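> A predicted structure for the sequence below; I have some questions about it.
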Amino acid sequence: MSCRRREGNMVNMEQKQIHLKGLFGIPACSLSHSLSKTSVRIPRVMACASFVKLNAASSSWIGQKSSFGERSQGSSTRRVSFSIRASSYTDELVQTAKVIASPGRGILAIDESNATCGKRLASIGLDNTETNRQAYRQLLLTTPGLGEYISGAILFEETLYQSTTSGKKFVDCLRDENIVPGIKVDKGLVPLPGSNNESWCQGLDGLASRSAEYYKQGARFAKWRTVVSIPCGPSALAVKEAAWGLARYAAISQDNGLVPIVEPEILLDGDHPIDRTLEVAEKVWAEVFYYLAENNVMFEGILLKPSMVTPGAEHKEKASPDTIAKYTLTMLKRRVPPAVPGIMFLSGGQSEVEATLNLNAMNQSPNPWHVSFSYARALQNTVLKTWQGHPENVEAAQKSLLVRAKANSLAQLGRYSAEGESEEAKKGMFVKGYTY
Amino acid sequence: MSCFKNKYADELVKNAAYIGTPGKGILAADESTGTIGKRLSSINVENVEENRRALRELLFCAPGALQYLSGVILFEETLYQKTASGKPFVDVLKEGGVLPGIKVDKGTVELAGTNGETTTQGLDGLGQRCAKYYEAGARFAKWRAVLKISATEPSELAIHENAYGLARYASICQENGLVPIVEPEILVDGSHDIEKCAAVTERVLAACYKALNDHHVMLEGTLLKPNMVTPGSDAPKVAHEVIAEFTVRALQRTVPPAVPAIVFLSGGQSEEEATLNLNAMNKLNTKKPWSLSFSFGRALQQSTLKAWGGKTENVEKARAAFLSRCKANSEATLGTYKGDATPAEGASESLHVKDYKY
């Protein structure tokens, strides 16, 4: 790979639109929201409180063996310097990740593909039309005060470009609440040839230009979900592919200004005990971090979205929140370097209350990374049921979203109590062989 | 399987954590016979067993020094030696609250097809040796892998080979009750800048932890002994704070919090330099879920050696020099060192030896 020269000083005006000026608590950038394509020379901002700025240059290193017995004599026509994890978005990536990983807040995942959203709508008797999807997302994204508990919202592509019925862009609604817009960028799971009926995640083709477009539209983080199945092995092939795909996606995301959320979901399906889950999780995360490092991903600018370490859904014994917390934290401490700012758990079929209780148990003492949530079903279940598609229920539905969001916010701070939770919220949402 | 656990698991975790006790660190006194010979000859002392024994007694029995140490790495000969009055060194250390450690590698050999890169030997029979050392009182071990920086190094091969050697060694140690110190030293030789050292260090440590994980090593029962991240020996120097930032950042990017302590090697830095750099790291206000401490050889013994000169009448003076460095480094682990250690001859002298082999 040839050396990618970083244009440290020449910055395309579009790329430097720092819309989120208030969001990050840094002084407003003096650049206007100019859509002109003129390149402007801007001195590279070197303000970083705790770290010395690096000169970001250099290609990835390609090792060269000298031939046997020969000493290489200063013929340095090969350009060999090690990569430094940096891009023109370095500072912004670090800041974005920090904002998302802010105390008492987590992520609302509403990036269901149209097909999956259709299932949600069908469960309350609604047709899967763009209008209905828009109405549902509007309900969620215009919830007043949502930003107190939610720091980021993952959107599906359609939603990123949608607006409210009164014409306000969804991304603007989010920004006004101090919520960072995110975007699902993967193209779904397909069968992995040569594996044991396992899947791999597609989406690398054209990812760079898609990411750049999403950045322009206002997204500042991305998400890519791959899966690992314990009943199917997992095979070494499936684990390697999952890890490598994530690493490639992460590098491309950072290159285009999006903080990558790294999500290798270890599916709940199976009857295995919690020790087996621990074993697989440790293996998966070891692979993931190694490949992330090989792809020169900057860890201060990523977030993780792991599954919690629990027994399989069909295992005879359920584990308590304390046990889940203990196993999950053990796994994280063994695999996650402290440079990673935040770990946002997926709920993966747990009930709303379970997901909150487990998160709470993990936050009973300080962790070297922000430990929080990135929930979809575990935040939306009661909301959907309250809404039923009726406009007159919107307010009540929004309130129920706030109830769940607040509960998880408290869990992030380790201060949640399950007293007063509804029965609905305690219902498990595990679906065997779940695809979405 | 998840990490390997056996009957020693709890003890390994406890001992590793103890070594990382704030205010304490490791004295690396494991110079092989050949290497200690170089030290002794530098002060005109003959390289015979009695002199080697006398030097170690000077160190281990220095009044007040052991309180600043959580471990001492020994060479095999020393593990079985005694004070002049007949007390085994391991007992002296244990009574002083210091864990005895043992160097278990058998030195480096060149990797064919590379540009002088090396791998470390010592895996054959390592299990039995570890069991024997455990019986003799050792509770941790050390194995030094060596890498170097140049336009074309370290190569993929050298990184992989050294990482996997460390992982096998670590696994075998844990099977036999010894906490493995994982030491992937990247030599300071060269004219590269600090960014290059950082990039290489991060790459090497990522490979090491991948290997350790693949080999089911229980990280809670290990220690890391890395180089600090600095410019090459032929490059312009930078401030201690810069070294601290680059070093801690490299560790934040690679070392999982399960590892209880990181004990730096001094690698040719002067006594004072090494202490000031360690101090700067412990003053940094950033995420550091592991203790940051020392495992110094030359950087704890240099001025002591000079003061001693091999003469019995100098023992007290030499011990005072040693105590001074121990205390200084203890303070450095707490970030409270004020640079006011009793100055001794040689404390600021660089200890760098180009292409150092020991």
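Nice, thanks for sending it over. Since we're looking at a predicted model, the values are computed, not measured.
> near chain A, which residues of the stretch 251-358 of chain B?
Residues of the stretch 251-358 of chain B found near chain A (C-beta under 8 Å from any C-beta of the partner chain) are B:252-258, B:284-289. (C-beta placed from N, C-alpha, C; glycine too.)
> for the residues you listed, which entry has the maximal number of neighbours?
Most neighbours among these, by other C-beta atoms under 10 Å in any protein chain shown: B:T254, with 26 neighbours.
> phi, psi for it please.
Main-chain torsions, B:T254, degrees, to the nearest 10: phi -130, psi -30.
> that one contacts A:R335, doesn't it?
No: the pair formed by B:T254 and A:R335 falls short of the contact definition of C-beta atoms under 8 Å, at 11.4 Å.
> just to revisit the earlier point, reformat the residues of the stretch 251-358 of chain B next to chain A as TSV; add pLDDT and secondary structure.
As requested, those are exported to TSV (pLDDT from 0 to 100; DSSP: H, G, I helix; E, B strand; the rest coil):
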residue	pLDDT	secondary structure
B:Q252	98	helix
B:R253	98	helix
B:T254	98	helix
B:V255	98	coil
B:P256	98	coil
B:P257	98	coil
B:A258	98	coil
B:L284	97	coil
B:N285	95	coil
B:T286	95	coil
B:K287	95	coil
B:K288	97	coil
B:P289	97	coil
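> centre of the chain to stretch A:313-328, how far?
24 Å (C-alpha atoms, centre = their mean, to the nearest Å).
> got the contact list for that stretch?
Residues outside stretch A:313-328 that contact it (C-beta atoms under 8 Å, 6 or more residues apart in numbering or on different chains) are A:268-274, A:277-278, A:306, A:308-311, A:349, A:354, A:357-358, A:360-362, A:364, A:430, A:432.
> mind doing that once more with 6 Å?
With C-beta atoms under 6 Å, 6 or more residues apart in numbering or on different chains as the test, stretch A:313-328 has contacts from A:268, A:271, A:273-274, A:278, A:308-311, A:357-358, A:361-362, A:430.
> quick check: buried residues in it?
Buried residues in stretch A:313-328, counted by 16 or more other C-beta atoms under 10 Å in any protein chain shown: A:313, A:315, A:319, A:321, A:323-328.
> overlap of the contact sets of B:T254 and A:R335?
The contact lists of B:T254 and A:R335 share no entry, where a contact means C-beta under 6 Å, 6+ apart.
> what residue lies at the spatial centre of the chain?
Just going to use chain A. In chain A, the centroid-proximal residue (C-alpha atoms, centre = their mean) is A:I261; its distance is 2.8 Å.
> meant chain B actually
Taking C-alpha atoms, centre = their mean, chain B has its central residue at B:S295, 3.7 Å away.
> any idea how far chain A is from it?
21 Å (C-beta to the nearest C-beta, to the nearest Å).
> show me where the stretch 201-350 of chain B has its helices.
Under the criterion DSSP state H, counting those that start in this stretch, helices of the stretch 201-350 of chain B are mapped to B:240-254, B:271-283, B:298-308, B:315-334.
> helix B:298-308 and the longest one, what's the angle between them?
So the one you mean is helix B:315-334. If you take axes from the mean of the first three to the mean of the last three C-alpha atoms, to 10 degrees, helix B:315-334 sits at 160 degrees to helix B:298-308.
> ok, which of the contacts of stretch A:313-328 also contact chain B?
Restricting the contacts of stretch A:313-328 to those touching chain B (C-beta under 6 Å from any C-beta of the partner chain) yields A:L278.
> may I ask which two of the contacts of stretch A:313-328 are separated the most?
A:D271 and A:M362 (24.4 Å; C-beta to C-beta).
> between those two, which has more neighbouring residues?
Using other C-beta under 10 Å, the more surrounded residue of A:D271 and A:M362 is A:M362, with 25 against 13.
> check contacts around the more buried one.
By C-beta under 6 Å, 6+ apart, the residues touching A:M362 are A:325, A:329, A:371.
> okay, now the unreliable bits of chain A?
For chain A, residues meeting the criterion pLDDT under 70 lie at A:1-86, A:434-436.
> helices of that one, start to end?
A:90-100, A:114-123, A:130-141, A:157-160, A:170-176, A:207-217, A:236-255, A:274-294, A:321-335, A:352-362, A:377-387, A:394-412 (DSSP state H).
> quick check: angle from the longest one to helix A:321-335?
What that stands for is helix A:274-294. Going by the same axes, to 10 degrees, helix A:274-294 makes 30 degrees with helix A:321-335.
> export helix A:274-294 as CSV, just CAs?
What follows is helix A:274-294, C-alpha atoms only, in CSV (Å, rounded to 0.1, in the frame of the first residue of the first chain):
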residue,chain,number,x,y,z
ILE,A,274,-22.0,-18.9,31.1
ASP,A,275,-18.4,-20.2,31.2
ARG,A,276,-18.6,-21.2,27.6
THR,A,277,-19.9,-17.8,26.7
LEU,A,278,-16.9,-16.3,28.5
GLU,A,279,-14.5,-18.4,26.6
VAL,A,280,-16.0,-17.5,23.2
ALA,A,281,-16.2,-13.8,24.1
GLU,A,282,-12.6,-13.7,25.1
LYS,A,283,-11.6,-15.4,21.9
VAL,A,284,-13.7,-13.0,19.8
TRP,A,285,-12.5,-9.9,21.5
ALA,A,286,-8.8,-11.0,21.3
GLU,A,287,-9.2,-11.4,17.5
VAL,A,288,-11.1,-8.1,17.2
PHE,A,289,-8.5,-6.0,19.1
TYR,A,290,-5.6,-7.6,17.3
TYR,A,291,-7.1,-6.9,13.9
LEU,A,292,-8.2,-3.4,14.9
ALA,A,293,-4.5,-2.8,15.8
GLU,A,294,-3.3,-4.2,12.6
